[in-house]
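Asker: sharing a model prediction with you, sequence too.
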Amino acid sequence: MAASVLNDSSAVNDAVINFINSNFDDNPRSLYKAKDLYNSLKEKQEQLIKKVSLVSTEVPSEIEKAIKVAEKTGKDVKKLGEKQEKLRHEILDKLRDVEPMVDDLKKLTSKVEELDRYSKYLSVLSKVEDISHQLQAALITQTSQPALNNFTELIILYKDLQSSKCVRLVRFVEDTVIFWNNIIKSRIAREFEEVLKSLRWPVVTSTIKSVTPPNIAEIKKKMESILRQLSHLQLPEHISPDATVTNPDLKKIVELTPLIYPMQLMLIPLKKRFRFHFYGNKQTNSLDKPEWYFTQVLSWIRDHDDFINKNIKPILKEEGIEVNPQIEFMRGLVQLVMEKIVTDIPELLFDDHQISHMIDEALMFDREIRNTYNYPASEPGCLHVLIHGEVFRKWLQIEKKFAIEKIDGMLTSPSAWLSQYKDITDVDELKVPECAESFMTLLLTITDRYKPLPTPASQLQFLKLQLELLEEFRVRVVQIMKEYTHNPVGEQFAAILNGVHYVVEVLREWSELVFFLKLQYCKMMNDIESEDSRNSLKSSSSLELPDDFLVHDVNVPIFETTVFEDVMEKYESLRNEMLKNCANYIHMDIQAHSHSYKKDRWLVLPSQKDLQSTLGLSISACDMFLVLKGHLALMEDLLSKPLFRILWQRLAEKLNKFILNDVILSNHFNDGGGVQLHFDMTRNLFPLFGEFTPKPENYFREVKEACILLTLKAGSAILLKEVLMADVDTIKDPNSKKTDIKQTLSEMGVYKLSPKIAGKILSLRADINIS
């Protein structure tokens, strides 16, 4: 506290000192200001006293008013609180008084609601009973239209009860609907069967030979009436029985929607014929001959199409039934085929040949009905049966087994590495060996077989098989190739290289097809879902995900790779390695024949003037160029055009480096030597590659530019060398004047060689000497 007082006193003293210093200076005359200053301060003091006096009188009165208002408000709040408490007690007392009454009312209300439910329950039962009596009376009097009207009313009542929790009541009404449906349908079915027989249905040998009835118009009119009646008997899908499918195993495999009633009845005679011929001990029921029942079904579809289109389709359209009867007819027959396949599968699994034959026939059948008869892709077919359980695993095993056997046969064939089109120049551009083309044809056949499969998962299984076969073929090819590695320019090695290249190119084309792009998308999505499942399992101990958890925002570069990416990389690696071996072998052979050319006496050749009349290819280069020409001619004949293009370009690159380093930079040249080298390169080496490109010199840039430097006129060469030496001095002395050496070289036609190499080449000339 004492410290605070001392600080305040010190601050006041400082303020006074500053005030005096600001108003009075060293001049004594400034003291005359004291009186005016005193009067000014006196006036300010009086003003402050007035303000303080005013505040001291007005503020207390305002505070007093506020206090009074607060006290009054407090009293009002207290009164309201007392009133609220009083009301609360009164309400509680009232509630205690009426509580027994409320309980009684709840019980009464509950009983009323229960009685109301009983009443509605009984009213539904009564209505069902009443409709049943009316149906019975109508059927006794054989009046079909009232019976159909009553049945329609019963169907509407059943649909209205679908949201009811009275399970037994709903079940009772459902059973009643099915009961009357069966009775009405059985009566109409007999009439419908007679009408169909009169109209020569089904269209088979026995009915075709029968005589057309004279009252055909009356029969058709009756059929129209029956069809309209049957349309009213169609039950909701979840309770509609389908008499077409009787095998419970088929219902487990694929979900089949019931056929419309008219079609179920129309299929009955065909179903009997199918079971008669293709079940039991009949000769036509042979596991070796699945094509018999496939062909029979296709012929039925073909033969009955006209009848359905003319007699059934218009009536259904008039009744507003949005169903294509031709599709319904095919659905029924396809279901018979599916049921037959399911029945035969247990026996077929023991015989690879029989099940393979059945699968082939099923694939052809499915293709035929979908392509020829426009059977919708959304409808299940016989392939749905083949992609489930043991039969699908067996199919994959057989496919792989037969494919491996075919690969063995391809690679061991005497003509395995011969081109089938070697005598046809236009076709044989890729020079594809027989085994490579046969192998890719095999893969294409497998693709065609599994492309129509109904699920991506089954297609991905076959894609996996194709990738395994590609790897198997590659391993076999590598084993064969190693036997011929000692001669990379031989016919066999070149044929293998052509085959590998062909596989790569075909896979690249396939990778861009929509079908394989879709498979890539499905594969990536499957991998993402699998990863999400693993992550969920790993984190389940610490985090519980909701049941509806889905991963939507996953940024995956789906189409940056293809389904063949990995196997293509392996084939490309093999192709590049084989090309490398081939190029190295040729280059080493050329080097082996170049010793005399490298050691040629370039420094003592006749002068440029003396060579003008006798200039020709160096004798020491003949052997080397002949070897090069022979290899180029041979490889052009053996390799496909794309591969040979890569080979000669690689070879040109190697020769360019070899001649620059081992011939030019390793020797000294007089003016005649430079001219001779220039002639050898531009008039002999470059033209050897001129058959494959219009500007072969572009592949020998360094050699070409070295020849330019070696044949420059002496004066120009000296000036250029001085510039290069000056550039070296500039690097040593930063203060010296710089020259654009690259610009200078480019003016001479030298773009590729570095200034250092250019200077070194100039120093190899004996006709220029700069100290």
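Answerer: Yep, that arrived.

Asker: neighbours of residue 762, just the number please.
Answerer: 21 (other Cβ atoms under 10 Å). Where you see a C-beta, it was placed from the backbone N, CA and C, and this is true even at glycine.

Asker: what do you get for the one 3 residues further on?
Answerer: Here the number of neighbours of residue 765 (other Cβ under 10 Å) works out to 23.

Asker: tell me how far it lies from residue 752.
Answerer: Residue 765 is 19 Å from residue 752, where distance means Cβ to Cβ, to the nearest Å.

Asker: equivalent analysis for residue 768, please.
Answerer: From residue 768 to residue 752 the distance is 22 Å (Cβ to Cβ).

Asker: which one of those two is surrounded by more residues?
Answerer: Set residue 768 next to residue 752 and count neighbours by other Cβ under 10 Å: residue 768 wins out with 19 against 15.

Asker: let me know the secondary structure of that one.
Answerer: Of the three states, residue 768 takes coil under DSSP: H, G, I helix; E, B strand; the rest coil.

Asker: which stretches of the stretch 151-300 of the chain have low pLDDT?
Answerer: Along the stretch 151-300 of the chain, segments meeting pLDDT under 70 span 205-212, 241-246.

Asker: where do the strands of it begin and end?
Answerer: Counting by DSSP state E, counting those that start in this stretch, one finds no strands in the stretch 151-300 of the chain.

Asker: domains for the protein, by residue range?
Answerer: Per automatic domain parsing, the structural domains of the chain span 31-131, 392-537+554-571, 594-763.

Asker: let me have these in JSON lines, extended by mean pLDDT and distance to residue 229.
Answerer: Below are those laid out as JSON lines (pLDDT from 0 to 100; distance: least, Cβ to Cβ, whole Å):
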{"stretch": "domain 31-131", "mean pLDDT": "81", "distance to residue 229": "17"}
{"stretch": "domain 392-537+554-571", "mean pLDDT": "89", "distance to residue 229": "36"}
{"stretch": "domain 594-763", "mean pLDDT": "90", "distance to residue 229": "72"}
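
Asker: wait, which of the ones you listed is closest to residue 175?
Answerer: Of all the domains of the chain, domain 31-131 sits nearest to residue 175, with 10.2 Å by Cβ to Cβ.

Asker: next SSE downstream of whatever helix or strand residue 634 lives in?
Answerer: Following DSSP states H and E, one finds residue 634 within helix 619-638. As assigned by DSSP H and E, the chain's next helix or strand after helix 619-638 is helix 641-658.

Asker: so how far is that following helix off the chain centroid?
Answerer: Centroid separation for helix 641-658 versus its chain: 38 Å, with Cα atoms, centre = their mean, to the nearest Å.

Asker: what's the very next helix or strand once past it packed up against?
Answerer: Sequence order places helix 671-680 as the next helix or strand after helix 641-658, per DSSP H and E. Packed against helix 671-680 by the contact rule (3 or more Cβ pairs under 8 Å, 6 or more residues apart in numbering; DSSP states H and E) you find helix 608-611, helix 701-710.

Asker: who are the packing partners of whatever helix or strand comes next after helix 671-680?
Answerer: Using DSSP H and E, the helix or strand that follows helix 671-680 towards the C-terminus is helix 686-690. The helices and strands touching helix 686-690, judged by 3+ Cβ pairs under 8 Å, 6+ apart, are helix 619-638.

Asker: measure how the helix it packs on sits relative to helix 641-658, angle-wise.
Answerer: Inter-element angle recorded for helix 619-638 and helix 641-658: 160 degrees (by axes from the mean of the first three to the mean of the last three Cα atoms, to 10 degrees).

Asker: name the residues of helix 619-638 that are buried.
Answerer: 620, 621, 623, 624, 625, 627, 628, 631, 632, 635, 638 (16 or more other Cβ atoms under 10 Å).

Asker: quick one: distance of that helix to the chain centre.
Answerer: 49 Å.

Asker: relative to helix 671-680, how tilted is that helix?
Answerer: Per the same axes, to 10 degrees, the angle that helix 619-638 makes with helix 671-680 is 10 degrees.

Asker: which pLDDT value belongs to the closest residue to residue 718 other than its chain neighbours?
Answerer: In space, and not counting its chain neighbours, residue 718 is closest to residue 768: 5.0 Å by Cβ to Cβ, 6 or more residues apart in numbering. Per-residue confidence (pLDDT) for residue 768: 83.

Asker: test my guess that residue 768 contacts residue 762.
Answerer: Yes - judged on Cβ atoms under 8 Å, residue 768 makes contact with residue 762 at a distance of 6.9 Å.

Asker: shared neighbours of those two, which are they?
Answerer: 717, 721 (Cβ atoms under 8 Å, 6 or more residues apart in numbering).

Asker: isn't residue 128 up against residue 157?
Answerer: Yes - using Cβ under 8 Å, residue 128 is in contact with residue 157, at 7.1 Å.

Asker: common neighbours of the two, please.
Answerer: In contact with both residue 128 and residue 157: residue 173, using Cβ under 8 Å, 6+ apart.

Asker: thought residue 407 was touching residue 470?
Answerer: No - when contacts are counted by Cβ under 8 Å, residue 407 is not listed as touching residue 470 (10.5 Å).

Asker: shared neighbours, those two?
Answerer: Overlap of the contact sets of residue 407 and residue 470 (by Cβ under 8 Å, 6+ apart) is empty.

Asker: who has more neighbours out of the two?
Answerer: Applying other Cβ under 10 Å to residue 407 and residue 470 shows that residue 470 carries more neighbours, namely 21 against 18.

Asker: secondary structure element for residue 752?
Answerer: Here residue 752 is covered by no helix or strand, with elements defined by DSSP H and E.

Asker: distance of it relative to residue 702?
Answerer: The separation that residue 752 has from residue 702, given Cβ to Cβ, amounts to 5 Å.

Asker: kindly report the same for residue 256.
Answerer: Per Cβ to Cβ, residue 256 is found 75 Å from residue 702.

Asker: what is the burial count for residue 328?
Answerer: The tally of other residues near residue 328 (other Cβ under 10 Å) stands at 21.

Asker: and if you look at the one 3 residues further on?
Answerer: The local packing count at residue 331 equals 23, with neighbours defined by other Cβ under 10 Å.

Asker: mind checking which helix or strand the spatially most central residue of the chain is in?
Answerer: Closest to where the C-alpha atoms of the chain average out (Cα atoms, centre = their mean) is residue 521, at 1.6 Å. For residue 521, the element it lies in under DSSP H and E is helix 514-538.
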